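below are the sequence and a predicted model; questions follow.
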Amino acid sequence: MKSKCIDCKKKISIRSKRCPICAMKHHWKSKDYRKKRAVTYKSKDYQKRVSKIAKQKWQNKNYRKKMSLAHKTKAYHKKMALMYKTTDYLKKLAKRTKRLWENKEYRRKRIATYKTKAHQKKCSATYKSEAFKKKWEVICKSKIYKKKLSERSKRLWGNKDYRKKVTLSMRKTFATDAQKKRRALASKKMWQNKNFRKKRALAMKKIQSTITYKKNVSLGCKRKFQNKNFKKKFSERSKRLWENKDYRKKVTLSMRKACATDAQKKRRALASKKMWKNKKFRKKRAVMWKTKAYYEKVSKNFKRLWNDKSFQEKQAKARNLKPNKPETLLNILLDKHFPREYKYVGDFKFWLGGKNPDFMNVNGQKKLIEFWGSY
């Protein structure tokens, strides 16, 4: 005999008041039933049975196809979206994942699957899809996500063990040449975009203007430069870069533009005044200037520079040298006693071994005059 369900009023062949679905809903409304089911779900015997049944089902290809098609439907996605919004479901999921990741065997299996080419291809395909990009943009722009991410990162970074692990793993990954090339190409692509540059510039200006940022940077730099190995590496890298002409041009132009502004000049002037007001700084500089090593360094640098033609030309343009009073008097005397024999060369027109004489013989004789005038 066919009868009707009390709740949904559907025809049922079973002799009962409700259909199976309505009966389950009716049972789940009572607290005692829910408690009993919770206890059974937590029991190990029940979990083993469920896992066995699931494994048996997943071995069947037809079942897997059906499940994959079901997961691709819009209705399933809507259900999952609603589930992920609930805090209870997220907490349960977090607990479950933590429990699973504590098991070493599970971790090994997951890492092995992540390293496979098939898994990497799937991930790349999903990340490149427009639907994923749109979703990710929406998530990143939300304030709730930003707050959660910042709180989580701060909490994790407060742990010393976590910091050590992250730093070591990052150093290992970024030490390879392939990774360096990838990062360089990715950064170049990003910096070619004008919108990205504007955003980064505005963000960096806001961050750099804060006092806390300046203090953190200064402390970090001081701590780094106390290490001798870091100093050596930094000096070698800077010397290697400075040998490249294109790099030098870029740096000089950028520095000239930055230092040419009135605001920058005022800042530098104030900074230098503050430094020179400090007695310790003055004492250090005075002691440094009196040392022989400092004099030798300065002399070597100037000898090297004065032998460079480009430096000589720059100095000639900057100084715009002309004969002074003693040199003009000597020039008159030379014209009187040795007419058309000596020419003034003190405006950096003639160089010999990194040195510039005042007068040079033009009549075939190898003679030079360096006039040391006193005022």
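Thanks, I have the structure now.

next structured bit after the strand or helix carrying H71?
Element membership for H71 (DSSP states H and E) is helix 61-72. Using DSSP H and E, the helix or strand that follows helix 61-72 in sequence is helix 74-85.

next, the angle from that next one to helix 61-72.
On the basis of axes from the mean of the first three to the mean of the last three CA atoms, to 10 degrees, helix 74-85 is oriented at 70 degrees to helix 61-72.

residues in contact with the helix holding H71?
Contact with helix 61-72 is made by K57, W58, Y76, as judged by CB atoms under 8 Å, 6 or more residues apart in numbering. Just so you know, the C-beta spots here come from the backbone N, C-alpha and C atoms, and that holds for glycine as well.

number of residues surrounding the residue lying closest to the second one once chain neighbours are set aside?
Excluding its sequence neighbours, the residue lying closest to W58 (CB to CB, 6 or more residues apart in numbering) is R64, at 6.2 Å. The local packing of R64 (other CB atoms under 10 Å) involves 12 other residues.

where do the strands sit along the stretch 101-250 of the chain?
Ranges of strands in the stretch 101-250 of the chain, per DSSP state E, counting those that start in this stretch: none exist.

which stretches of it form helices?
Secondary structure of the stretch 101-250 of the chain by DSSP state H, counting those that start in this stretch: the helices cover 104-115, 117-128, 130-141, 143-157, 160-174, 177-192, 194-209, 211-225, 228-242, 245-260.

is it possible to get a markdown table of the ones you listed that adds mean pLDDT and mean neighbour count?
Compiled in a markdown table, these are given as follows (pLDDT from 0 to 100; neighbours: other CB atoms under 10 Å):
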| stretch | mean pLDDT | mean neighbour count |
| --- | --- | --- |
| helix 104-115 | 89 | 10 |
| helix 117-128 | 87 | 10 |
| helix 130-141 | 85 | 10 |
| helix 143-157 | 88 | 10 |
| helix 160-174 | 87 | 10 |
| helix 177-192 | 88 | 10 |
| helix 194-209 | 86 | 10 |
| helix 211-225 | 86 | 10 |
| helix 228-242 | 89 | 10 |
| helix 245-260 | 86 | 10 |
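
tabulate those helices (a markdown table), appending distance to F302.
Below are the helices of the stretch 101-250 of the chain laid out as a markdown table (distance: least, CB to CB, whole Å):
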| stretch | distance to F302 |
| --- | --- |
| helix 104-115 | 58 |
| helix 117-128 | 56 |
| helix 130-141 | 55 |
| helix 143-157 | 48 |
| helix 160-174 | 40 |
| helix 177-192 | 37 |
| helix 194-209 | 35 |
| helix 211-225 | 26 |
| helix 228-242 | 17 |
| helix 245-260 | 19 |
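
of the ones you listed, which is nearest Y294?
helix 228-242 (17.0 Å; CB to CB).

now do the closest one: distance to the chain's middle.
Taking CA atoms, centre = their mean, to the nearest Å, one finds helix 228-242 lying 20 Å from the centre of the chain it belongs to.

try stretch 25-36
Distance of stretch 25-36 from the chain centroid (CA atoms, centre = their mean) equals 54 Å.

what distance separates whichever helix or strand R99 is part of from the centre of its chain?
For R99, the enclosing helix or strand under DSSP H and E is helix 87-102. Here helix 87-102 is found 31 Å from its chain centre; the criterion is CA atoms, centre = their mean.

and the closest residue to Y294 other than its chain neighbours, how far is that from Q192?
In space, and not counting its chain neighbours, Y294 is closest to M288: 5.4 Å by CB to CB, 6+ apart. As judged by CB to CB, to the nearest Å, M288 and Q192 stand 44 Å apart.

next SSE downstream of the helix or strand where T328 lies?
Element membership of T328, judged by DSSP H and E, is helix 325-337. Note on helix 325-337: by DSSP H and E, the next helix or strand toward the C-terminus is strand 342-344.

what packs against that next one?
helix 325-337, strand 359-361 (3 or more CB pairs under 8 Å, 6 or more residues apart in numbering; DSSP states H and E).

the shortest one pairs with which strands?
Just to be clear, that refers to strand 359-361. Strand 359-361 sits in its sheet next to strand 342-344 (antiparallel), strand 368-369 (antiparallel), going by DSSP bridges.
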